[in-house]
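1. Here is my input; please provide its structure:
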Amino acid sequence: MSIIISKNGANAKRIEKSNFDKEDYLQNYIHENPESIPVYEIEEDKRLFVLAREYKTESGPIDALAIDKDGDIYIVETKLYKNPDKRTVVAQALDYGASFWKHSNDFNEFLTQVDKEVRNKFNIGFKDKAKDFFDLDDEQVDILINSMKRNLFDGNLKFVILMDSMDERLKDLIIYVNQNSQFDIFAVELDYYKYEDYEIMIPKIFGVEVKKNIKTSSDRKIWGKDDFLQDAKNKIQDSETFNILTELLDFTEKNADKFTFGTGSESGSVTFKFGDNRAKSGLISIFTIWSGGKIRFRFANIRNRIGDKYVNLYYRKLKNALPSKKWNDNMLNEYSPGFLLKEIFLDKKTMDLFKKTIKEYVNEIKNEK
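-> Numbers count the residues shown, from 1 in each chain. Coordinates of the predicted model:
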């Protein structure tokens, strides 16, 4: 299949499909670009974080070992269509999964190995990278790790077969296994095109159509506004703090480009986000309010997506807006410093200035681009 490329509606060019020369290139590509595995078609906000390439098992190396934000573990096996053993790729992936499960009975040892792989790749530890990649806080990343532990113990693994091309027999096999077993196996066909210095990948996923509602072994809870407010009523003893929280929630609903409720098992949270195409997700989180009466400022999220300059700007604006708090410059290096609401929102004037500051900060960044 060919595709058409044009610029401003003119000078259209037909580009023919290219071929991967080696499986190693395909493996490296998904390691560097995990979005090429379209698990977002399974669930809208789902994306994969590749923990390691060539992860060793007794049966041989797993091409890529990955997780999603729910702590589900994915075994990814890549194969080129020209490879003569492509017809055994499903059995090979299952064999690797069985070996991985059987010999990973020490979860702490597994986590140590994962941390080593992540440090070698990103120069930071697994927990910090997971926080950044999935936009999680400390509680949420602990839930993710606990879900990983339970999934590994139960042998609840998911499989992705990724190829540059696959025949109908393989697609039918994967759909059949999905429909008639407890396994979750997905096939991804990755069409590859080259144009000048650009590489164009068009992924197509198969197997989702028979398992739209994927069950996961997770402690995560799906929060909504009513649950959040009820949890706040149960936890916050003074009406003043509760009123501050509801006012911040109302401000977030009306002014954020997008706001999301968290998935913590013990506490509800809601995060104020604004759109910025420099972030892979297209969104940047700037603060989170918690049903227990706390607020966290998302310094690391801003830094990792658009740089130190904007963290420093945010910090200076917060110091001016919330002078009641004794700010410490060391907070700039914290992941997301948190404070009790009643410590920093002392009166209506402070609240109004905070709202104004957040609007100005977001507009300043948007107008600068």
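2. So which bits of stretch 221-241 are buried?
-> Buried positions in stretch 221-241, judged by neighbour count with 16 or more other CB atoms under 10 Å: 221, 223, 228-229, 231-232, 235-236, 241. From N, CA and C alone the C-beta is placed, and that goes for glycine too.
3. Closest to Tyr74 out of those?
-> Closest approach between the buried residues of stretch 221-241 and Tyr74, by CB to CB: Lys221, at 22.8 Å.
4. Helix, strand, or coil at the closest one?
-> Classification of Lys221 using DSSP: H, G, I helix; E, B strand; the rest coil returns coil.
5. And the buried residues of stretch 221-241, which is the shakiest by pLDDT?
-> The member of the buried residues of stretch 221-241 with the lowest pLDDT is Lys221, at 72.
6. Next one: it relative to Phe228, how far apart?
-> With distances taken as CB to CB, to the nearest Å, Lys221 is found 11 Å from Phe228.
7. The buried residues of stretch 221-241: which two are farthest apart?
-> Lys221 and Thr241 (22.5 Å).
8. Tell me which helix or strand comes right after the strand ranked longest in the chain.
-> Longest strand of the chain, by residue count under DSSP state E: strand 184-195. Remark: after strand 184-195, the chain's next helix or strand is strand 198-206, criterion DSSP states H and E.
9. Tell me which other helices or strands the following helix or strand past that next one touches.
-> Next in sequence after strand 198-206, counting helices and strands by DSSP H and E, comes helix 225-235. Judged by 3 or more CB pairs under 8 Å, 6 or more residues apart in numbering; DSSP states H and E, helix 225-235 is in contact with helix 239-255.
10. List of residues touching the helix it packs on?
-> Contacts with helix 239-255, where a contact means CB atoms under 8 Å, 6 or more residues apart in numbering, come from 225, 228-229, 232-233, 236, 259, 270, 272, 289, 291, 293, 295, 340-342, 345, 351, 355, 358-359.
11. Next, the angle from that helix to helix 225-235.
-> On the basis of axes from the mean of the first three to the mean of the last three CA atoms, to 10 degrees, helix 239-255 is oriented at 160 degrees to helix 225-235.
12. Flag every buried residue along helix 239-255.
-> For helix 239-255, by 16+ other CB under 10 Å, it's 241-242, 244-245, 247-249, 251-252.
13. Tyr25: which of those is nearest?
-> Using CB to CB, the buried residues of helix 239-255 come closest to Tyr25 at Thr252, 43.9 Å.
14. Could you break the chain into its assigned domains?
-> Domain assignment for the chain by automatic domain parsing gives 7-210, 225-368.
15. Would you reformat the ones you listed as TSV and include distance to Met1?
-> Shown next, in TSV, are those (distance: least, CB to CB, whole Å):
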stretch	distance to Met1
domain 7-210	6
domain 225-368	27
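16. Return the member of the ones you listed having the minimum mean pLDDT.
-> Among the domains of the chain, domain 7-210 carries the lowest mean pLDDT (a mean of 86).
17. Hmm, Ile236 is touching Gly292, no?
-> Yes: if you go by CB atoms under 8 Å, Ile236 and Gly292 touch, sitting 7.2 Å apart.
18. now the helices for this structure?
-> Along the chain, the segments classed as helices by DSSP state H run 23-32, 89-102, 107-122, 126-134, 138-154, 168-179, 225-235, 239-255, 299-306, 308-321, 341-344, 348-368.
19. Understood, closing this out.
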